[in-house]
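Enquirer: Let me see the structure of the following:
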Amino acid sequence: MDKLIFVIGICLMIVACIAIVINRVKTRKLFDSLESMIHTAMNGEFSPEHFDEGRLSKLESELSDFLSASSISAQNVKDERDKIKSLISDISHQTKTPISNLILYSELLESADLTGDDKSNVEAIHSQAEKLRFLIDSLVKLSRLENGILSLETDNEDLNPLLQDVAMQLREKAEAKNLKLEIEDTDARALIDKKWTQEAIVNIVDNAIKYTDQGSITINTKDYEMFVCVDISDTGIGIPEEESAKVFQRFYRGSNVKSKEGVGIGLHLAREIISGEGGYIKLSSKLGEGTTFSVFLPKK
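Expert: Down below sits the predicted model:
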């Protein structure tokens, strides 16, 4: 009797071991199947028919349905992005020639012997055409960044040549208003996309020139442990404290600059570029005394 009980016990243990092994094999097979689904979905190659024979549980089936829906959604997003990319390209291409022609003909008219209202009207046409060109260019750049059509490619760059290029681009505009544009040499380096960072800083310096009637614009650099700070300071009209948080909004224009040139897009674009690189912009200003924009660029 004892012997029979012992044999039954051994048999039960063997059956239990077999059951455990079978269960582990099934579990491993299930996890392998789920892992395969996730990997193919991450690679953008998921399709439900790959798993017709491997649906071992309700969980696997539901995951397959979820990944199918996600794959379709991802494809829809890609299709929409392609449409936006095509639209932006068309806008950029189709508007470039007529705007350039407007500017060209207005310049030709300005060189003619005009007087009185005719002369002022031509100057207004030229000014508005330049404004339109800047607006469209800025919106195209902004849309490309926001929709991921263009990506920022950062590298460890020397800032001095970049800042010197900025000064070279805008010195003539500053001198036309009898403003000094001063830049301090630096040996600092930062992890940036050189082209786009230059675009951002040009927008900020250009903004300073627009809203400064006398004095100077200075650019200097401070090298910290994790960031390089580029300070752009002017002696312009300043920004009211209650508006300092709004100046980076798209198309926002302060109450004290309504009569001056500008469209309210440059600072917004600058912030999008700098934040996309992992940096940020701070602003300090005193009304009637000037403004400093501090651009913090990440270091390698």
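Enquirer: Quickly find the element holding Ala190.
Expert: strand 189-192 (DSSP states H and E).
Enquirer: can you give me the helices for the stretch 201-300 of the chain?
Expert: Using DSSP state H, counting those that start in this stretch, the helices of the stretch 201-300 of the chain run over residues 266-276.
Enquirer: So, low pLDDT: which residues of it?
Expert: By pLDDT under 70, the weakly predicted segments of the stretch 201-300 of the chain are 251-264.
Enquirer: follow-up on the earlier one: can you list the helices and strands that the strand holding Ala190 packs against?
Expert: Helices and strands touching strand 189-192, by 3 or more Cβ pairs under 8 Å, 6 or more residues apart in numbering; DSSP states H and E, are strand 155-158, strand 227-234, strand 290-298. Any C-beta I mention is one placed from the backbone N, CA and C, and that applies to glycine too.
Enquirer: Would you mark the buried spots in the longest one?
Expert: The reference is to strand 290-298. Residues Gly290, Thr291, Phe293, Ser294, Val295, Phe296, Leu297, Pro298 are the ones in strand 290-298 that count as buried (16 or more other Cβ atoms under 10 Å).
Enquirer: The third one pairs with what?
Expert: The residues listed as beta-bridge partners of Phe293 by DSSP bridges are Ile232, Leu283.
Enquirer: from now on call the first residue 31
Expert: From this message on, residue numbering opens at 31, which makes the last subject Phe323.
Enquirer: OK, contacts around it?
Expert: If a contact means Cβ atoms under 8 Å, 6 or more residues apart in numbering, then Phe323 has Ile234, Ala238, Asp261, Ile262, Ile311, Lys312, Leu313 as its contacts.
Enquirer: if you set the cut-off to 10 Å instead, what comes out?
Expert: Residues in contact with Phe323 (Cβ atoms under 10 Å, 6 or more residues apart in numbering) are 231, 233-235, 237-238, 260-264, 277, 297, 300, 311-315.
Enquirer: Next, find the distance separating Asp264 from Leu297.
Expert: If you measure Asp264 against Leu297 using Cβ to Cβ, to the nearest Å, the figure is 13 Å.
Enquirer: Then Ile303?
Expert: 11 Å.
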